[in-house]
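Colleague: Return a 3D structure for these sequence lines:
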Amino acid sequence: MTAPVPAPAPASPPASVRLLSVPPTTAEIAAWTRLLGAVHAADLPGVPAPSLVEVGGRLGVPSIRGRSVQWAAAGEGGEIDGAAALLLFTDEGNTHGAYLDVLAVRPGARRRGLGRALWERVRGELLAQGRTSVSSTIEVGTPAQRFAESLGFENVLPMAWHVQEVPAGPVQAPQDVPGYRLVSWSGETPDAWSEAAAVAHGAMEDAPMGELDERAPVWTGERVRQAQRLIVDRGGVILSVAALTESGEMAAYTELVLPDPAVTRAVQYDTVVVPTHRGRGLGRLVKRQMVAQAVERYPRVREIVTTVADENAPMLGINESLGYRRERGVGLFQLKL
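Modeller: Model (predicted):
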């Protein structure tokens, strides 16, 4: 979430705040992209802003986890001065909660009450839908953090972005760990491995979640494929690497996502080692293989970034051994309504 330092709230939201079209128009997507670009330039200099492809995908293709509601505040000349995007969870066990994906105000339009006006629209929707908590991923030390804390949000899971430089030339593939073989694929998990992938995804249940008021999803083979399909449908690319046992069990996996095939910074999604297979170097193995695959398949990629909870010492150790460096702090903030 990116937001301004708060100003006194107006008596009612200004008329310029309206619901985004469903589906959003080409002009709305372009204006939303320019808004986020301006916010990134002011608050996160040096961090690439979302591309037009990524923004269009997120605005136009629904999440598998719930229903999205999006608002925009019109500026001059067809621009957007402010925007908010809310995801109302519909998955089992989480219908009490929601995720605030965006709350952004153009730097030149701040301190006029627009951030508060957008928040009132979000809060009204949360209350109307009977939601009791909302979370948001917020960059630490930015105006967004100060604004969120003024509303009552608390950082329930301190994390950080970590970045790894990708070599320009070929990378030697890692040696296999005895008893395991490495496999990789792009897009949806092949049918032969989908159920094993669902079991491995379930191992994420013991990942650090702080005091987040949210239940981990129940994974099935089809749900794994739906999550991967969503990335592709939104215009991105997903590459998976897994370590399989001789019996076909998925002992570890990692995922790399390019939200736009043209970007030079890829995002490492989950890296999971099933508890009974930990302590054998499989986390490091799949991540090293992922880098080798990225160099071969996506030569444009120059960096890989990932978030790790500050309390996740094992993953921090693996990343450090692979050359990751801490880039900036971020937190999973939550508000109880």
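Colleague: any chance you could map the strands in the stretch 201-337 of the chain?
Modeller: Secondary structure of the stretch 201-337 of the chain (DSSP state E, counting those that start in this stretch): strands located at 237-245, 250-258, 265-273, 303-309, 325-336.
Colleague: Please identify the deepest-packed of the ones you listed.
Modeller: Greatest average neighbour count among the strands of the stretch 201-337 of the chain goes to strand 250-258 (a mean of 24), per mean count of other Cβ atoms under 10 Å. (Each C-beta comes from the backbone N, C-alpha and C, glycine too.)
Colleague: which other helices and strands contact that one?
Modeller: helix 191-202, strand 237-245, strand 265-273, helix 282-297 (3 or more Cβ pairs under 8 Å, 6 or more residues apart in numbering; DSSP states H and E).
Colleague: and the ones you listed as CSV, adding mean pLDDT?
Modeller: As requested, the helices and strands packed on strand 250-258 are exported to CSV (pLDDT from 0 to 100):
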stretch, mean pLDDT
helix 191-202, 96
strand 237-245, 98
strand 265-273, 96
helix 282-297, 95
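Colleague: hang on, the earlier thing: of all the strands of the stretch 201-337 of the chain, which lies closest to Ser194?
Modeller: Comparing the strands of the stretch 201-337 of the chain against Ser194 with Cβ to Cβ, the closest turns out to be strand 250-258 (9.8 Å).
Colleague: so Leu118 makes contact with Val69?
Modeller: No: using Cβ atoms under 8 Å, Leu118 is not in contact with Val69; the gap is 11.7 Å.
Colleague: Comparing these two, which residue is more hemmed in?
Modeller: Neighbours were counted for Leu118 and for Val69 using other Cβ atoms under 10 Å; Leu118 has more, 26 against 19.
Colleague: in the sheet, who's paired with the residue lying closest to the more buried one once chain neighbours are set aside?
Modeller: Closest residue in space to Leu118, ignoring its immediate chain neighbours: Ala84 at 4.4 Å, by Cβ to Cβ, 6 or more residues apart in numbering. When bridges are called by DSSP bridges, Ala84 pairs up with Trp71, Leu103.
Colleague: From Ile64, how far off is Arg225?
Modeller: 10 Å (Cβ to Cβ, to the nearest Å).
Colleague: In three-state terms, label Ala173 for me.
Modeller: Put simply, Ala173 is coil when judged by DSSP: H, G, I helix; E, B strand; the rest coil.
Colleague: and it, what is it in contact with?
Modeller: Going by Cβ atoms under 8 Å, 6 or more residues apart in numbering, Ala173 touches Leu182, Arg288, Gln289, Ala292.
Colleague: Any chance of JSON lines for the residues you listed, columns neighbour count and distance to Val330?
Modeller: What follows is those, written out as JSON lines (neighbours: other Cβ atoms under 10 Å; distance: Cβ to Cβ, whole Å):
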{"residue": "Leu182", "neighbour count": "22", "distance to Val330": "30"}
{"residue": "Arg288", "neighbour count": "22", "distance to Val330": "25"}
{"residue": "Gln289", "neighbour count": "21", "distance to Val330": "27"}
{"residue": "Ala292", "neighbour count": "18", "distance to Val330": "28"}
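Colleague: Please list all residues in contact with Glu246.
Modeller: Counting by Cβ under 8 Å, 6+ apart, Glu246 makes contact with Gly179, Arg181.
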